[in-house]
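J.: sequence and predicted structure below; questions after.
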Amino acid sequence: MSLLSTSGLSKEFGGLRAVHDVSFALEEGEVRALIGPNGAGKTTFVGMLCGRIEPSAGTVRFDGTDISRLPAHRRIRAGMAYTFQITSVFARLSCHENVALAVRRRKGNVAKDVPEALRRVGLADRAEQLAGDLSYGHQRLLEIAMGLAQKPRLLILDEPTQGLADSEIEDFVALIRELKAEATILLIEHNMAVVMEVADAITVLNFGEVLAEGAPAEIRANREVQAAYLGTG
Amino acid sequence: MTETAKAVILHLGLIAVLFALQFVLPAYHHGNMARVMVLATYAMGYNLLFGYTGLLSLGHAMFFAAGMYGMALTVRHLGWTPPPALLAGLLSGAVLSALVGALALRTVGVAFMIVTLMFSQAAYLTILYFTTWTRGEEGFVLQQVQRVFWGIDPSDPTTRYFLALLVFATCLMLSLWLVRSGFGKVLIAIRENEDRAQMLGYDIFAHKLGAVVISGTMSATAGAVYALLFGYAGASFAGVQYSILPLLWVLLGGAGTLIGPFIGALFTFYLIDITSGYTSAYMAVVGAVLIALTLFARQGIGGEIRARVWRGLP
Ligand SMILES: Nc1ncnc2c1ncn2[C@@H]1O[C@H](COP(=O)(O)OP(=O)(O)OP(=O)(O)O)[C@@H](O)[C@H]1O
Ligand SMILES: [Mg+2]
């Protein structure tokens, strides 16, 4: 049984078909990359998975139950974590408190789990800094730490490497590899090098529909995908 | 010294200073300070919602009035003694705030301000409608004998001062505990970034409703105690002005700081008290000072302390 699946999931924004009839399944333990050109509907799609956006049609199942009617916070409590495409942290709170909010919600051990999450993203020495004072890249890493600290079963990351320096991207790739053992990961990503390195499988969205799905090598070889997304190929 | 120890010492220190003041203040200021402490308690209740949760209500006078009338009407018409009457005031505030919260929290931003204002106006008009019992604008006095309980006479200035201090201190320390508790930290998270808080798995509506009820009940406590200590209840306390005042005090004193409401209430009270001694246009002076403060100390006095002196100020 899949950890997460959708059937016929669709979203229209006043006539614009942002996501259309997407049926999708994610197996426990896999790292899935979701790619597609700008405006393909990736953010809208994952927004419907975690309850931020109400679908026009279709259902979402998580861990065997239909969660289509659950509000976002209940889905998070059921084991999802989400990082925003546009960085969203508590800017006027310390990094420690940002992560502590994530740990406290699941009644975890703040003294142990917060430093641990910060260490994993390389922000251990910035615990007392205000999140808003961090560089953009570091704020993204902080948000990932907040995701980790929730110990989710499914971690949804919306373009996590955007704005990261090359060395930070390398660390991020290593982190995802490490996380594979702990969580299922759905990764929206524009950086194809990262995708090719970490993804077990790739789903390609184009104009709100699934254009292709398969192993990284297959997707790279797919002509339609090359035309729609990879440009020349 | 840990942050917790510093916070506890600061706030206990304020309480100790207020306690000691009672022995040095002249009689006139005794009464004033008792009033300021009760009004500051009202402002603290307001601040829990506005300063800590980020919800701007324009209708808190209805909660203050719920406490005031819950107390005063049961004493006047049912012949209750102060202890159960105070409890009736608190309960009125709790029930009213739960109802108003459940409805008003379906809106956000400006709509929330308007809806709370409307509810408060409805409460005000209800008080006027039942003038037979409430005596409307004119209000009514609670006699000294009606206010005595357990051998304590709240009309005695010294007793009144200590009762006001007791209520203020209790609410201050409760607030300190609340804003440092897990629940309080979620309220702050909601104020800072509601979307992110929700996507960490927190039920935003439930937390906001909790904040409205705690805030409304604390405001009602202040209203009930006001009726007890000063022996009067009147519809003007339910008017728009009494919804704006706590906002003003909190802005001046520092929204989202625990000492802010007290500083703001104290400052405003004496600003009016002193200027009105010199000119009948004292409201103009008050306005000018307010403008100056918003220009030069945008986060209020407590906010400036937090920015310049101690970042951990709760
Ligand atoms: N709230 C909204 N109201 C109206 N249109 C929207 C809304 N959100 C998204 N859209 C539109 O839906 C389409 C899909 O947007 P979405 O953000 O899901 O794309 P995306 O694949 O995440 O793109 P990107 O790679 O740029 O992040 C776009 O055409 C976008 O303009
Ligand atoms: Mg997107």
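T.: That came through, no problem. Ligands and ions are numbered 1, 2, ... in the order given.
J.: hmm, stretch A:184-192 in reach of chain B?
T.: No. Judged by Cβ under 8 Å from any Cβ of the partner chain, stretch A:184-192 stays clear of chain B, getting no closer than 14.6 Å. The way it works is simple: take the backbone N, C-alpha and C, and place the C-beta from them, glycine included.
J.: may I see the buried residues of that stretch?
T.: Going by neighbour count (16 or more other Cβ atoms under 10 Å in any protein chain shown), the buried part of stretch A:184-192 is A:184-189, A:191-192.
J.: so which of these belong to strands?
T.: When DSSP state E is applied, the buried residues of stretch A:184-192 are split such that A:184-188 fall in strands.
J.: mind putting these into TSV with pLDDT?
T.: Listed next are those as TSV, based on pLDDT from 0 to 100:
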residue	pLDDT
A:184	95
A:185	96
A:186	96
A:187	95
A:188	96
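J.: for those, which one is nearest ligand 1?
T.: Ligand 1 has its nearest neighbour among these in residue A:188, at 6.8 Å by Cβ to the nearest ligand atom.
J.: my guess is residue B:231 meets residue B:155, correct?
T.: Yes. Using Cβ atoms under 8 Å, residue B:231 is in contact with residue B:155, at 6.4 Å.
J.: quick one: common contacting residues for these two?
T.: B:144, B:147 (Cβ atoms under 8 Å, 6 or more residues apart in numbering or on different chains).
J.: ok, the two, which is more surrounded?
T.: In this view residue B:231 and residue B:155 are compared by other Cβ atoms under 10 Å in any protein chain shown, and residue B:231 has more residues nearby, 19 against 16.
J.: tell me the pLDDT at that one?
T.: In the predicted model, residue B:231 carries a pLDDT score of 91.
J.: dump the residue contacts of it.
T.: So residue B:231 contacts B:141-144, B:147, B:154-155 (Cβ under 8 Å, 6+ apart).
J.: now do the same contact list for the residue nearest the centre of chain A.
T.: In chain A, the C-alpha nearest the mean C-alpha coordinate belongs to residue A:157, at 1.8 Å (Cα atoms, centre = their mean). Residues near residue A:157 by Cβ under 8 Å, 6+ apart: A:83, A:144, A:147, A:185-189.
J.: hmm, try it at 10 Å
T.: A:33-34, A:46, A:81-85, A:140, A:143-144, A:147, A:172, A:176, A:185-189 (Cβ atoms under 10 Å, 6 or more residues apart in numbering or on different chains).
J.: report the buried residues of stretch A:118-130.
T.: Neighbour-count burial for stretch A:118-130 [16+ other Cβ under 10 Å]: A:118, A:120-123, A:126-127, A:130.
J.: which residues of chain B lie near chain A?
T.: Counting by Cβ under 10 Å from any Cβ of the partner chain, the positions of chain B adjacent to chain A are B:182, B:185-186, B:188-193, B:195-207, B:256, B:311-312.
J.: helices - which of the residues you listed land there?
T.: The members of the residues of chain B next to chain A that map onto helices under DSSP state H are B:182, B:185-186, B:188-192, B:195-198, B:204-207.
J.: looking at those, which one is closest to ligand 1?
T.: For those, the nearest to ligand 1 is residue B:195 (13.3 Å; Cβ to the nearest ligand atom).
J.: residues near the closest one, how many?
T.: Neighbour count of residue B:195, defined by other Cβ under 10 Å: 13.
J.: now a PyMOL select for only the buried ones of the residues of chain B next to chain A.
T.: Selection of buried members from those for PyMOL, criterion 16+ other Cβ under 10 Å:
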select buried, chain B and resi 185+186+188+189+190+191+192+193+196+197+198+199+200+201+202+203+204+207+256
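J.: circling back to that earlier point, including distance to residue B:242, could the ones in strands among the buried residues of stretch A:184-192 go into JSON lines?
T.: As requested, these are exported to JSON lines (distance: Cβ to Cβ, whole Å):
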{"residue": "A:184", "distance to residue B:242": "55"}
{"residue": "A:185", "distance to residue B:242": "54"}
{"residue": "A:186", "distance to residue B:242": "52"}
{"residue": "A:187", "distance to residue B:242": "54"}
{"residue": "A:188", "distance to residue B:242": "51"}
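J.: confirm that the residue nearest to the centre of chain A sits in a helix.
T.: No. Using DSSP: H, G, I helix; E, B strand; the rest coil, the assignment for residue A:157 is strand, not a helix.
J.: partner residues bridging it?
T.: Beta-bridge partners of residue A:157, counted by DSSP bridges, are residue A:83, residue A:187.
J.: give the buried residues for the lowest-mean-pLDDT helix or strand in chain A.
T.: Lowest by mean pLDDT, DSSP states H and E among the helices and strands of chain A is helix A:223-228, with a mean of 79. For helix A:223-228, a neighbour-count test (16+ other Cβ under 10 Å) marks A:225, A:228 as buried.
J.: and if you look at stretch A:70-88?
T.: The neighbour-count check on stretch A:70-88 (16+ other Cβ under 10 Å) flags A:70, A:72-73, A:75-84, A:87-88 as buried.
J.: what is the most widely separated pair among those?
T.: Greatest spacing in the buried residues of stretch A:70-88, by Cβ to Cβ: A:70 and A:87 (25.6 Å).
J.: out of the ones in helices among the residues of chain B next to chain A, who's nearest residue B:268?
T.: Using Cβ to Cβ, residue B:191 comes nearest to residue B:268 of these, at 23.8 Å.
J.: so how far is residue B:175 from the closest one?
T.: Distance, residue B:191 to residue B:175, using Cβ to Cβ, to the nearest Å: 15 Å.
J.: A helix includes residue A:69, no?
T.: No. With three-state DSSP as the criterion, residue A:69 is assigned coil and is not in a helix.
J.: residue 111: what's it in contact with?
T.: Using chain A here. Contacts for residue A:111 (Cβ under 10 Å, 6+ apart) come out as A:100, A:103.
J.: hm, I was asking about chain B
T.: Contacts of residue B:111 were listed using Cβ under 10 Å, 6+ apart, and they are residue B:104.
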